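In: quick one, structure for this:
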Amino acid sequence: MVPGEVIIVDGILVLSEPELRARMDIRIFVDTDADLRFIRRMERDMRERGRTLPSVVTQYLESVRPMHLDFVEPSRRWADVIIPEGGENRVAVEMVVARLASALARGVPAAGDRGDVLPAGSPGEPPDPPPRAPEGSPPGSP
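Out: Numbering: from 1, shown residues only. Predicted coordinates:
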């Protein structure tokens, strides 16, 4: 299989992987408000998975929210573009589409060549964030 001119990589953790980031010409973080993320999860889990509201809330508070704060949220700092309001932000989506179309028409990468895979901590890579303190810990504790 030979890669095409455009490969779209989608996933909530792709920007947290240095090897993937190094190969991306444009890195986009699609941001959605926490309340909307929770509502969508709740509706899906209750409708498609037969879960109860208390079980969805417990999982969200004990697992989903802490993992989002530890892994997904920090990855936004590696994005070239952050799109607020999720996929509902027509202006931002149209700008990204126009940028890709322009780059393809010129036959050049959309955001320049990022070069080969960089090991974590390479120059130009921000350091990993410090671990988040557990809920209820005093400020400044890991």
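
In: pLDDT below threshold where in this structure?
Out: Applying pLDDT under 70 to the chain flags the ranges 1-5, 108-142.

In: at 50 instead, please
Out: Within the chain, the segments meeting pLDDT under 50 span 112-123, 141.

In: what pairs with Ile83 across the strands?
Out: Ile83 has these beta-bridge partners by DSSP bridges: Val30.

In: in contact with it, which residues?
Out: Residues near Ile83 by Cβ atoms under 8 Å, 6 or more residues apart in numbering: Ile28, Phe29, Val30, Asp31, Asn89, Ala92, Val93, Val96. Backbone N, C-alpha and C define where each C-beta goes, glycine included.

In: can you show me the helices along the chain?
Out: Secondary structure of the chain (DSSP state H): helices at 18-22, 34-49, 53-59, 65-67, 90-106.

In: okay, those, which one's buried deepest?
Out: For those, the largest average neighbour count (mean count of other Cβ atoms under 10 Å) is found in helix 18-22, namely a mean of 16.

In: run the chain-centre distance for it.
Out: Relative to the chain's own centre, helix 18-22 is displaced by 13 Å; criterion: Cα atoms, centre = their mean, to the nearest Å.

In: quick one: contacts for the nearest residue to Ile28 once chain neighbours are set aside?
Out: The spatial neighbour of Ile28 that comes closest, neighbours along the chain excluded (Cβ to Cβ, 6 or more residues apart in numbering), is Val81 at 4.9 Å. When contacts are counted by Cβ under 8 Å, 6+ apart, Val81 touches Ile26, Arg27, Ile28, Phe29, Ala92, Met95, Val96.

In: if I look at Val81, how far off is Pro66?
Out: When distance is defined by Cβ to Cβ, to the nearest Å, Val81 is 27 Å away from Pro66.
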